[in-house]
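Asker: Provided below for reference: sequence and predicted model.
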Amino acid sequence: MFLKNIIFLLLFIFLSSISFTQENEQKDSILDQKSMDFKDLKIKGKLRINDGVYDPLRPSKAAFYSAIFPGMGQIYNRRYWKAPIVWGALAIPAYYHQLNNNDYKRYRRAYRLRKAGFQDEFTRDDGTEIVSLETLERAQEQTRENRDMSLLTGVVLYILQIVEASVNAHLIQFNTDDSLTFSPTVIQDPIRINPPTIGLKLNLNF
């Protein structure tokens, strides 16, 4: 149960950091776009891009590099501070997977020796059992479940860091200006004065 709580907490922190960093990427992209030469600005569909700046293969390259070596896609995007986060997030499930796998092998070996009538590491020289056969069987199941959970967590985090690198490569190339404005205005209805009329009007400018 403690291992599951750590794994779920790790997933929550990793997903929260991705959401937080994507918001920062949008702000950074606005600053990057202001430093570019806007005379080359063109309108293509609903996306504003700078001619000669947008690289359609950049997200694929970032995802490819992250797939080869976790964290490399973040380095390729020049977000160097994200690489240690990726490495730390993947190191924790890898550590617990190795730890539970070793414990599983120990309990499995002792269980087989006990079933075959031989002495195992959990039996004293006088034949006294430190751990019962039923306990060894339950320990195998628990450590195997923890091992598989750690492996699954590692795979999920590995996929998430690939997706994050690809999405980040998209965002840093786009002009993400906030063109949506909200301006509340009070307009009196000339027809219905009493009782007063309450309404809402939204103007969307793209």
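Answerer: Thanks, I have it. Numbering: from 1, shown residues only.
Asker: Tell me the confidence at Phe118?
Answerer: Each residue has a pLDDT score; the one for Phe118 is 87.
Asker: Distance of it relative to Lys61?
Answerer: Remark: distance between Phe118 and Lys61 (Cβ to Cβ, to the nearest Å) = 56 Å. Yep, even glycine has a C-beta here, placed from its N, CA and C like the rest.
Asker: what's the answer for Gly88, then?
Answerer: Plainly put, Gly88 is 24 Å away from Lys61 if you go by Cβ to Cβ.
Asker: hmm, back to that, between Phe118 and Lys61, which is the more surrounded one?
Answerer: For Phe118 versus Lys61, the count of surrounding residues by other Cβ atoms under 10 Å is larger for Lys61: 16 against 10.
Asker: Apart from its neighbours in sequence, what residue is nearest that one?
Answerer: Excluding its sequence neighbours, the residue lying closest to Lys61 (Cβ to Cβ, 6 or more residues apart in numbering) is Tyr76, at 6.5 Å.
Asker: now do Ile130
Answerer: Phe122 (4.7 Å).
Asker: give me the low-pLDDT residue ranges for the chain?
Answerer: Of all residues in the chain, those with pLDDT under 70 make up the ranges 1-54, 174-206.
Asker: Quick one: the helices in it, in order.
Answerer: Counting by DSSP state H, one finds helices in the chain at the ranges 2-34, 58-68, 72-76, 82-116, 133-171.
Asker: how about the second one: buried residues?
Answerer: Right, the one you point to is helix 58-68. The neighbour-count criterion (16 or more other Cβ atoms under 10 Å) identifies Arg58, Pro59, Lys61, Ala62, Ala63, Phe64, Tyr65, Ser66, Ala67 as the buried residues of helix 58-68.
Asker: Would you format the residues you listed as a markdown table with distance to Lys105 included?
Answerer: Putting the buried residues of helix 58-68 into a markdown table (distance: Cβ to Cβ, whole Å) gives the following:
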| residue | distance to Lys105 |
| --- | --- |
| Arg58 | 44 |
| Pro59 | 42 |
| Lys61 | 40 |
| Ala62 | 38 |
| Ala63 | 35 |
| Phe64 | 35 |
| Tyr65 | 35 |
| Ser66 | 32 |
| Ala67 | 30 |
